[in-house]
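Enquirer: whatever this is, show me its structure:
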Amino acid sequence: MTGDRPSWAPESIDLDRPNAARIYDYLLGGAANFEQDRVFAEKLLEVMPLARAAARLNRAFLRRAVRFCLDSGIRQFVDVGSGIPTAGNVHEIAQEVDPSARVLYVDNEPVAVTHSELLLKDNPNARAVRGDLTDPEPVLAAPLIDFSQPVAVLMVAVLHFIPDTAHPHEAVARYVSAMAPGSFLVLSHGVENPTLEGREEVGRLYQKSSNPGVSRTPDDIARFFEGLEFVEPGLVWTPEWRPDSPEDVGEHPEASLVFAGVARKP
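Expert: Numbers count the residues shown, from 1 in each chain. Alright, predicted model coming up:
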């Protein structure tokens, strides 16, 4: 596998072990992934065919949430666990409305950061940094974003890769405490579903990846929003969050597998 390393792939990454950001990129139709990621993703789709549609519904939620924040006057965005750049990135959406909008992408996956840096090299109002959601202080101190002014902090489809032993609720609370009044938290998270077909097989697959997943109950997910005021319609399945049309929700929104919500800091 080493001989197949692309010129843009950092030497520090293990090409032989699937990674959640690169798997997600493949599910969304991106090209910043490796053979092991594609093999993993195809096995995932065999046991849970809903996974590709769920990834795209989650991405669509991100776009709608960013537009909502823009309509609410937000001009700063911090995308924590941003993953690998694909069409409809936060900065594309935000800067189409206001070219001066500032966007900071944060990820601990070297490929995600490398691709983001290449994408943003000529964009003075957007940048990418290597960082970890569970270590908030370097992110909060990063240049470009002024946390004394309203900001939207996005944690989209990332927290379900952080185990309770890493104290994710405490980490999110630290970000919230640093946010100015009028800021928003945008979050989506896989939902625990004991009856979901293929659930155990998916769990076993991810145990072999570099990002073992963890599912949480709706109550556990709601705890991430403590101290904040939910924007209507609250915590719902991704296609149910302010859909562009009723048809976008479909008859089975639970097939999206992911809960999503946006909340404002009073």
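
Enquirer: how about stretch 57-70 as CSV, C-alpha atoms only?
Expert: Listed next in CSV are the C-alpha coordinates belonging to stretch 57-70 (Å, rounded to 0.1, in the frame of the first residue of the first chain):
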residue,chain,number,x,y,z
LEU,A,57,-29.1,13.7,4.3
ASN,A,58,-26.6,14.7,7.0
ARG,A,59,-24.7,16.8,4.5
ALA,A,60,-28.0,18.4,3.4
PHE,A,61,-28.8,19.3,7.0
LEU,A,62,-25.4,21.0,7.3
ARG,A,63,-26.1,23.2,4.3
ARG,A,64,-29.6,24.2,5.7
ALA,A,65,-28.2,24.9,9.1
VAL,A,66,-25.4,27.1,7.7
ARG,A,67,-28.0,29.1,5.7
PHE,A,68,-30.2,29.4,8.8
CYS,A,69,-27.2,30.8,10.8
LEU,A,70,-26.4,33.3,8.0
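
Enquirer: what does it rub up against?
Expert: The contact list for stretch 57-70, computed with Cβ atoms under 8 Å, 6 or more residues apart in numbering, reads 28, 77, 86, 88, 90, 93-94, 97-98, 101, 152, 154, 156-157, 184, 186, 188, 231, 238-239, 241-244, 248, 256, 258, 260, 262. From N, CA and C alone the C-beta is placed, and that goes for glycine too.

Enquirer: among the residues you listed, name the ones in helices.
Expert: Val90, Ile93, Ala94, Val97 (DSSP state H).

Enquirer: which of the contacts of stretch 57-70 are buried?
Expert: In the contacts of stretch 57-70, burial by neighbour count holds for 28, 77, 86, 90, 93-94, 101, 152, 154, 156-157, 184, 186, 188, 231, 238-239, 241-243, 256, 258, 260, 262, counting by 16 or more other Cβ atoms under 10 Å.

Enquirer: in strands only, show me these.
Expert: Phe77, Ala152, Leu154, Val156, Phe184, Val186, Ser188, Val258, Ala260, Val262 (DSSP state E).

Enquirer: which two among those are spaced furthest apart?
Expert: Greatest spacing in those, by Cβ to Cβ: Phe77 and Val258 (20.0 Å).

Enquirer: how about the residue nearest to the spatial centre of the chain, what does it touch?
Expert: By Cα atoms, centre = their mean, the mean C-alpha position of the chain lies nearest to Val156, the distance being 2.8 Å. Counting by Cβ under 8 Å, 6+ apart, Val156 touches Asn58, Phe61, Leu62, Ala65, Asp79, Gly81, Val186, Leu187, Ser188, Ala260.

Enquirer: no further questions, thank you.
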